[in-house]
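Participant: Okay, sequence plus prediction incoming.
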Amino acid sequence: MKIAILGIGGVGGFYGGKLAQHFSGKGKNEIIFIARGKHLEAIHEDGLKIIDGESEIIVHPDICTDDSSSLGKFDVLLVAVKTYSLLDAIRSVKNNITTETIVIPLMNGIEPYEILKHEFPEAKIFQGCCYLNAFIESPGTIKFRGGFDQIIFGFPDVQKRILIADLFSEAGINHSTDSDISKQVWEKFIFGSTLSGIGSMENESFGEIISNPEKKKLLQDLISECLSVANAKGIIFENGFSEKLISKVATYPFEARTSMQLDFANGKMTELETFTGYVVRSGNELGISLPNYCRVYDLLKLK
């Protein structure tokens, strides 16, 4: 199969690296990295380095490019770009997508799945998400900082799911699958949305947030408000969900931060509208009061 990874940042680089480590150069599956700029140049010159604790690996995909126009049809496309870049990115690979292409978003937010379905109506669009704390440390280098290291994906066709599950298993990628993972996608979104909001506002790590009673209370309030939006959209969570989510935060390294926090800190474009603006807009549309979300959103817009 021809397997492309669109976006070789923290998530795309980490999982694309595992696929390249196992399959590249062996003829069974062709691994294609779609990257850009200095990151692309570094991968061309020295390969992609992935740092996980004390261990390091360097992988070389079969192809690394910023132009897929001559590469033919993709069998599988993993999409791991920032949400604000999604439309431009997927339109750049439109000619590589067929009715049989499996497209799996590994992105932040609730909206990417619907955008992909709209842009590629005939393709096999999976639901997908992952819990992973990884980032580009420097051009050509991905650093893994913790998380559950699991891809969750869903699609009604069980045979298509088995195909991807077998692919991930062979590459040593931890995964879970079901026909409908809407609830899991929302759970991941609530995790990322609330921590990105408070973390970017306070410029503090996961550990600093949950070890401070006042900030932990704000996190709980944000979770409660986001849950009210999810419930109004038909996604119902069990009692004790807030405590479960905060327990999950505690499993991450003390210094872990979200990608949005890092982007704010580094003066880059951020996914504020994806993580925080979406909840505020949904609350307005649904007539739900979200005082804490609105305060965080307003403060972050000033940043």
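Facilitator: The structure has been received and is ready for your questions.

Participant: switch to C-alpha atoms for all contacts and neighbour counts from now on
Facilitator: Noted.

Participant: Leaving out chain neighbours, which residue sits closest to the spatially most central residue of the chain?
Facilitator: Central residue of the chain (C-alpha atoms, centre = their mean): residue 107, 3.0 Å from the mean position. Using C-alpha to C-alpha, 6 or more residues apart in numbering and skipping residues adjacent in sequence, the residue nearest residue 107 is residue 80, 5.5 Å away.

Participant: how many other residues sit next to the one you found?
Facilitator: Applying other C-alpha atoms under 10 Å, we find 25 residues neighbouring residue 80.

Participant: Assumed residue 144 was part of a strand.
Facilitator: Yes - checked against DSSP: H, G, I helix; E, B strand; the rest coil, residue 144 lies within a strand.

Participant: doesn't residue 49 make contact with it?
Facilitator: No - checked against C-alpha atoms under 8 Å, the pair residue 144 and residue 49 is beyond contact range at 10.8 Å.

Participant: Looking at these two, which has the bigger crowd around it?
Facilitator: residue 49 (24 against 20).

Participant: Any regions of the stretch 101-250 of the chain where pLDDT drops low?
Facilitator: 147 (pLDDT under 70).

Participant: Ignoring the adjacent residues along the chain, who's closest to residue 203?
Facilitator: Nearest to residue 203 is residue 261, by C-alpha to C-alpha, 6+ apart, at 6.9 Å.

Participant: how far away is that neighbour from residue 178?
Facilitator: From residue 261 across to residue 178, the span is 31 Å (C-alpha to C-alpha, to the nearest Å).

Participant: What of residue 260?
Facilitator: Taking C-alpha to C-alpha, one finds residue 260 at 28 Å from residue 178.

Participant: who's more crowded, these two?
Facilitator: The neighbour comparison of residue 260 against residue 178 (other C-alpha under 10 Å) goes to residue 260, with 23 against 15.

Participant: before we move on, what SS does the more buried one have?
Facilitator: helix.

Participant: what residues are up against it?
Facilitator: Neighbouring residues of residue 260 by C-alpha atoms under 8 Å, 6 or more residues apart in numbering: 196, 200, 270-272.

Participant: What are the boundaries of the strands in the stretch 51-200 of the chain?
Facilitator: 55-59, 63-65, 76-79, 102-105, 124-125, 127-138, 141-154, 175-178 (DSSP state E, counting those that start in this stretch).

Participant: Distance from the shortest one to the middle of the chain?
Facilitator: Just to be clear, that refers to strand 124-125. Once both centres are worked out by C-alpha atoms, centre = their mean, to the nearest Å, strand 124-125 turns out to sit 17 Å from its chain's centre.

Participant: And this protein, split by domain according to the record?
Facilitator: 2-178, 184-302 (automatic domain parsing).

Participant: my guess is the residue nearest to the centre of the chain meets residue 86, correct?
Facilitator: No - in this structure, residue 107 is not within contact of residue 86 by C-alpha under 8 Å, at 9.5 Å.

Participant: re the thing from before, identify those among the contacts of residue 260 that sit within helices.
Facilitator: 196, 200, 272 (DSSP state H).
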